[in-house]
Each structure stands twice: as structure tokens, then as C-alpha cells.
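K.L.:
build the 3D model from these lines:
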Amino acid sequence: MGAQESNGQERGTARRTLLGAAVLGAGGAVVGLPTAAGADTRRSGGGYRSLPKPTIIGHRGASGYRPEHTFGSYQLALDLGADVVEAGDLVPTKDGHLVCRHEPEIGGTTDVADHPEFAGRRTTKSLDGVATTGWFTEDFTLAELKTLRAIERIPANRPHNTLYNGRWEIPTFEEVLKWQDEQTRKRGKQVWIYPELKHPTYFRALGLGTEERLAKLLRKAGKDSKNSPVIIQSFEPTSIQRMNKLVDNPLAVLLSSANSRPWDFVATGDPRTVADLVTPKGLREIASYAQGIGPTLDLIIPKDAGGNFTKPTTLVEDAHARGLVLHPYTMRNENPFLPPAYRKGTDADAYGDVFGVFKVYFETGIDGVFTDNPDTGVLARADFVAG
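P.N.:
Residues are numbered from 1 along each chain as shown. Here you go, the predicted structure:
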């Protein structure tokens, strides 16, 4: 049997097993998955530091198995054992509601292109300096967005996810907060979420500032304290500084590639790059207003020109020395997202040796990781803790 055919059979078996487990329902546990109790919890006074370590964060839910940022994806992430669900990349509507989409441009994540009534709203805008063509949430009312349905964002890698195209609508963050409470009651344990403020400088210029809207919703829900189960993140440090003045929630600064500049820095003429932010001096400044960082995995272990692992940086040690937790992003099971040495077969949607990759990253001392496949992350953590 050829390696590609064998991998395909194994992949199909894994997916059938997953789907069989998932039908246990919203409140059901997935039989055979280790619970968080088996992890090295390293509890330290409640709040975000009481989460299991390494923390498994469902990236946009369980987006390896369902279209991202849908209640189907969020729900499955919990069923598969995620400690935290990234429920909400937050972008505003024309009438000021915060909704959960990966980007304000929704042509790739909804069926808006199939709605002739919205054809005239397709346009090109400059989004953080990049010309972007499509449909934008800020040009729709919430009622209009609710007529759309979510679709798979990367069908070439996840053709199986297209089965669920059209099943779920776009959630509002207010609905997410209610869902969080419902799931906490049903499951008998606190459900954590990790919303991200997307493009805050861009939206502030449109008169749709997102920080104040988020703070208002958190205050209304009674989830604006330091031990609240809501961690807030953004790629713009000044946005996190704003949130630090508005709420007491744990906060994290997201960090892209070393040579990139946060868009708020570009807009204000701040010459610093991410490389400056990950120095001891930069981390000390971040620690003055945030509790953590979310670096790209390449800031933890850089890759060479061929995509292979090189020597880990000192970022984990340096951040920990300043009291910051590290939740890097994003682990995915499919071959194209893994270093060449860990790939199996040639299919774009075939799974590689992702457990080996998790082990490499966990050994650096990271506090958690974002993953599109929470069940894989939970099993990898169990291996790591046992080993």
C-alpha cells in the first residue's frame, strides 16, 4: 500500500472516530481523552494562572473540524477538551455591534457572495495598509449579517469542513458571553474565552472604536475583573494599553514576525518592530500593562529557509523573567503547516507528525498554545506531562 493511500486511510479512521465522539452532544465528554486534571496545573491563586499547563486554546474554536468562529466550532472545542476557546475575533457592524469574524472582510468566511442583494457592497479598502477587496462588516447592519451563513475559510486544506458550510450564522460577542455562562452551568466548570480585538486603529478611524464597546459588554456581564474568565488579546500594543485602563481582565499582546511593525506603531510613527518588543526592555514595558504575550511560533523556534527548526530563542526565559505567560500560535495538524521533517505523504490535508511538533514546542517551556485541533493538543499535553 502506498504511503499516501495509507495516510488517507488513517486520516479517515481518525475523522470517523472524532465524529463518533462528537455526537455525544454539547454537554458530553469525549470518551478516551485525558481530562485537564491529568495536566501539570501549577495552580497559583486562581484566575488565568489556575489554567492547566500547557494550556490548550481552541483557535477560533475547533477550526480544524468546523468552520471557524461559529457556535459549532466553539462547542466542539469544549467537547474535545480545550481549556480556553478563542471565541471571538471581534469586528464591528455598521450599527456598532461586535461580531465574531477572523477579519472584517467576510468574502472568504461567509456566503455573502451568494447574496445578490449585497453585490453592490463589494469594494476595495486599505486595511492596515493593504488593499483588500471584498465585503466588510462595517458596511452591514447586524440584522443584515444575520442573514449570512459561515463557510470554511481554507477548503483546500480542509475539504471535510465544507460539509458544514451554511449551517451556522455569525455570532455576536454578546451571544458568546451568554453561551459561556450556559456552558459553564451545563459542564459544571468554568468555561474560559480569549477574544481578540481586530484592527482597532482601523476601526477607530471609522468612528467604530472597539475597546470601549468590548469593555461595556464585559462590565454588563460582570466579567471585567482580574480573575474573570476572559483574556483579551490584540496585535496592537496601544489597544491593550487602552483596555488596561478600561477593565481589569488579563491581557495579552500578540506578536507577529520579528521584522514586522504593529499597525498602531505605523500609524503613530513609532519605529519599533516586533524584534524590539521581544527584547528584555520591550518585554518589561509590555509587562507594565499586560499579563502575557501571544507570539508566533517562529519567535519561539525560528525556521531556516527550508522551513526546518533551528535553535530556540530566549523569548520564553526572557518573558517568564518579567512575569509574562506565553501562548504562541498556531498549531495545525495538516502537512503544509508543519516543518518538512514532520510531514507525512503529500496531500495538503493529510496529517503529519504533529505530536512530535507539539513535543518540541512544549519542551521550550511555553505556558500554552493556540491550536485548530484541541483534541490533538490535549493528547500531546498528556504525553508531555507523563513523559
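K.L.:
any idea which residue sits dead centre in the chain?
P.N.:
Using CA atoms, centre = their mean, the residue of the chain that lies closest to the mean C-alpha position is residue 59, 3.4 Å off.
K.L.:
chain neighbours aside, what residue packs nearest to it?
P.N.:
Among residues not flanking residue 59 along the chain, residue 370 sits closest, at 4.2 Å (CB to CB, 6 or more residues apart in numbering). Any C-beta I mention is one placed from the backbone N, CA and C, and that applies to glycine too.
K.L.:
how close does the closest residue to residue 363 other than its chain neighbours get to residue 358?
P.N.:
When the adjacent residues along the chain are set aside, residue 363 lies closest to residue 384, with 7.8 Å between them (CB to CB, 6+ apart). The gap separating residue 384 from residue 358 is 7 Å, by CB to CB, to the nearest Å.
K.L.:
who has more neighbours out of those two?
P.N.:
Shown here are residue 384 and residue 358; by other CB atoms under 10 Å, residue 358 has more neighbours (22 against 17).
K.L.:
got phi/psi on the residue nearest to residue 68 when sequence neighbours are not counted?
P.N.:
Distances taken as CB to CB, 6+ apart place residue 60 nearest to residue 68, at 3.7 Å, with adjacent residues excluded. Residue 60 has phi and psi values of phi 60, psi 30 when expressed as degrees, to the nearest 10.
K.L.:
doesn't residue 372 make contact with residue 60?
P.N.:
Yes - proximity of residue 60 to residue 372 meets the contact threshold set by CB atoms under 8 Å, at 7.4 Å.
K.L.:
circling back to that earlier point, element containing the residue nearest to residue 59?
P.N.:
The secondary structure element spanning residue 370 is strand 368-371 (assigned by DSSP states H and E).
K.L.:
may I see the buried residues of the next helix or strand after that strand?
P.N.:
Beyond strand 368-371 on the C-terminal side, the first helix or strand identified by DSSP H and E is helix 374-386. Along helix 374-386, the positions that meet the burial threshold by neighbour count (16 or more other CB atoms under 10 Å) are 374-382, 384-385.
K.L.:
for residue 277, grab the count of nearby residues.
P.N.:
Around residue 277 sit 22 other residues, with neighbours defined as other CB under 10 Å.
K.L.:
over to the closest residue to residue 133 other than its chain neighbours. Which of the three states is it?
P.N.:
Take residue 133 and drop its neighbours on the chain: the residue closest to it by CB to CB, 6+ apart is residue 124, 4.4 Å away. Here residue 124 takes the strand state, with states given by DSSP: H, G, I helix; E, B strand; the rest coil.
K.L.:
and residue 124, what does it touch?
P.N.:
Residues in contact with residue 124, defined by CB atoms under 8 Å, 6 or more residues apart in numbering, are 131-133.
K.L.:
of those, closest to residue 224?
P.N.:
Proximity of the contacts of residue 124 to residue 224 (CB to CB) peaks at residue 132, which lies at 32.5 Å.
K.L.:
so how far is residue 73 from the closest one?
P.N.:
Using CB to CB, one obtains 24 Å as the distance from residue 132 to residue 73.
K.L.:
more crowded one of the two?
P.N.:
Using other CB under 10 Å as the criterion, residue 132 and residue 73 rank with residue 73 on top: 29 against 16.
K.L.:
pretty sure that one is in contact with residue 59, am I right?
P.N.:
No - look at residue 73 against residue 59 with CB under 8 Å: they stay out of range, at 9.5 Å.
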